[in-house]
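Novice: I need the structure of the sequence given here:
(one chain, ligands or ions: 1)
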Amino acid sequence: MNTTSHIHHGQWRRPDAGQTEFNDVNTWIDLAHTLEAAKFDAMFFADVSGLYGDSDADFDVYANEGLQIPSNDPTVLLGALAVSTKHIGLATTSNVVQNHPYNFARQISTLDHISNGRIAWNIVTGINDNASRNYGLPQLTDHAERYAWADEYVDVAYKLWEGSWDAEALKKDKENGVYSDAAKIHKIYHEGPRYRVEGPHLPSPSPQRTPLLFQAGSSASGRAFAARNAEATFIIAPSPAIAAELISDTRRLAGEFGRHPEDIKFFQGLSFIIGDTEEEAKEKEAYYDQFVSVDGYLAHSAIVDKTGRVYPPETRIADLDTNTGKGFSEWVSKHITDREPVVADIAWLQARNTRVVGTPEQIADEIEKWQAAGVDGINVINWVIPGSFEEFADKVLPVLRERGLAQSEYAKGTLREKLFGDGPLLNDRHPAAGYRGAFTSGPTSWEEAETTRGLEVQRAGVES
Ligand SMILES: Cc1cc2nc3c(=O)[nH]c(=O)nc-3n(C[C@H](O)[C@H](O)[C@H](O)COP(=O)(O)O)c2cc1C
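Specialist: Purely as a prediction, here's the structure:
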């Protein structure tokens, strides 16, 4: 994340923690070069658009810990990284509250042009009350309603990316003075519960049109949304067994949306503590633990009730009535079966369950267990920047390459072609593909759109 303390709170205080200089673009450009040299598939930036926890309380712990405040916008940063790299994928996170889909679709098309087709979008619904209040809402929207919102949000974006411009619209015909052919550029006349968007999309089609689509939800609603929309899902399952359960459920659901199970790849978040010997790895773990901030982990995993009050860490998960972190709560409840799981266990899910400590060979063995559970890739969560990634690249990747578990060269083409081996565009089974050519023969006005739609468009949320 474009901040000092993203996941492993307290580590920013180490002398080798470069993430404190996240305002310096060279911190990220240098890291992007390191990752690209090591042939990482992509550089993924998480993001939130507000403070965690109780937005009526003080936020001292977040400010003290550098816990995702201050933070900068990762989507803007990707512009700098796109011109500084050639092959590595660049994934940003943006939630449905913070950006109108018309503007966001244009930003993403612009980045996909700049990067020559290497952009990905981690679709999130937003998880903080304060973030909702920053955009005029009283508090975090109900969990199920956030996913309904996300369904409409992505549909507007899909219509713009896939349906507004026909493939041959761009002419650049200097002789006849036709830069682009208006007959092949279409308004979308979208009207739904939350958005009314006329179109057309302003950018011409970028190499991927729709960015590679990531998602990280894990509750029932999150899995259904992923099954319909995601090409790749970030998970932080507490164990390979739970990952296998989550993966098979989401793959099964993908089939119900007319997609193939393998249309979705799964990336498990893991952190590594690497030693040339087991003893050295354990010594390093003891050193890292000196910097662990329990307050930071608890503050990051703060679960709030529906009035915005933070639950005490000893609250039973069974007693939660919350609109946030449902997926994490479900995973912890499946993992802890010998006692009542509590909110503090969610904090330890992030602090400990995702930690792999050992020699490069032992780490590769562990990664193979996640692969056997159906995981397609690993989301390497850092302790420090750039050290965590430099070490992984120097020590673990060579072992993974020997075992055929990591690439030695980038495949050709866009990020989607590199990851899936198909063409640059979404495959025809994805719902967005249904908008290709959908506006070629009209409608040509709102009246016609409504007639064509034959729908009594609900104006709730549109008239305001
Ligand atoms: C690896 C990972 C990365 C995530 N990154 C973000 C993020 O950057 N921003 C965000 O608002 N939520 C992020 N989330 C939270 C998810 O979007 C989602 O809210 C959470 O997994 C709970 O699942 P649910 O929405 O199905 O309840 C992330 C989750 C995971 C597992």
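
Novice: Correct me if wrong: Val25 contacts Leu77.
Specialist: Yes - in this structure Val25 lies within contact range of Leu77 using CB atoms under 8 Å: 7.3 Å. Glycine gets a C-beta too; all of them are placed from N, C-alpha and C.

Novice: So which of the two has more stuff around it?
Specialist: Leu77 (21 against 13; other CB atoms under 10 Å).

Novice: does that one really touch Asp24, like I thought?
Specialist: No - checked against CB under 8 Å, the pair Leu77 and Asp24 is beyond contact range at 11.3 Å.

Novice: For the ligand, what's the nearest residue on the stretch 201-350 of the chain?
Specialist: Proximity of the stretch 201-350 of the chain to the ligand (CB to the nearest ligand atom) peaks at Gly222, 2.3 Å away.

Novice: What sits closest to that residue if chain neighbours are left out?
Specialist: Gly327 (5.2 Å; CB to CB, 6 or more residues apart in numbering).

Novice: so what's that neighbour up against?
Specialist: Gly217, Ser218, Ser219, Gly222 (CB atoms under 8 Å, 6 or more residues apart in numbering).

Novice: Do you know the pLDDT at the last one?
Specialist: The confidence metric pLDDT takes the value 93 at Gly222.

Novice: List the contacts of Asp30.
Specialist: Pro386.

Novice: Can I take it that it is in a helix?
Specialist: Yes - according to DSSP: H, G, I helix; E, B strand; the rest coil, the state of Asp30 is that of a helix.

Novice: now it: how far from the ligand?
Specialist: Computed as CB to the nearest ligand atom, to the nearest Å, the Asp30 to the ligand distance reads 22 Å.

Novice: Could you check how far Gln290 is from Asp155?
Specialist: Per CB to CB, to the nearest Å, Gln290 is found 49 Å from Asp155.

Novice: Of those two, which one has the most company?
Specialist: Using other CB under 10 Å, the more surrounded residue of Gln290 and Asp155 is Asp155, with 20 against 9.

Novice: Which pLDDT value goes with that one?
Specialist: On the pLDDT scale, Asp155 gets 98.

Novice: Which strands or helices does the helix or strand that contains it pack on?
Specialist: If you go by DSSP states H and E, Asp155 is part of helix 143-158. Where contact means 3 or more CB pairs under 8 Å, 6 or more residues apart in numbering; DSSP states H and E, helix 143-158 is packed against helix 101-114, helix 220-229.

Novice: Quick check: which of those is buried the most?
Specialist: When those are scored by mean count of other CB atoms under 10 Å, the highest mean neighbour count falls to helix 220-229 (a mean of 22).

Novice: Could you list the residues of the stretch 201-350 of the chain in contact with the ligand?
Specialist: Residues of the stretch 201-350 of the chain lying near the ligand by CB under 6 Å from any ligand atom: 216-219, 221-222, 234-236, 269, 325-328.

Novice: Quick check: the farthest pair among the residues you listed?
Specialist: Ser221 and Gly269 (20.3 Å; CB to CB).
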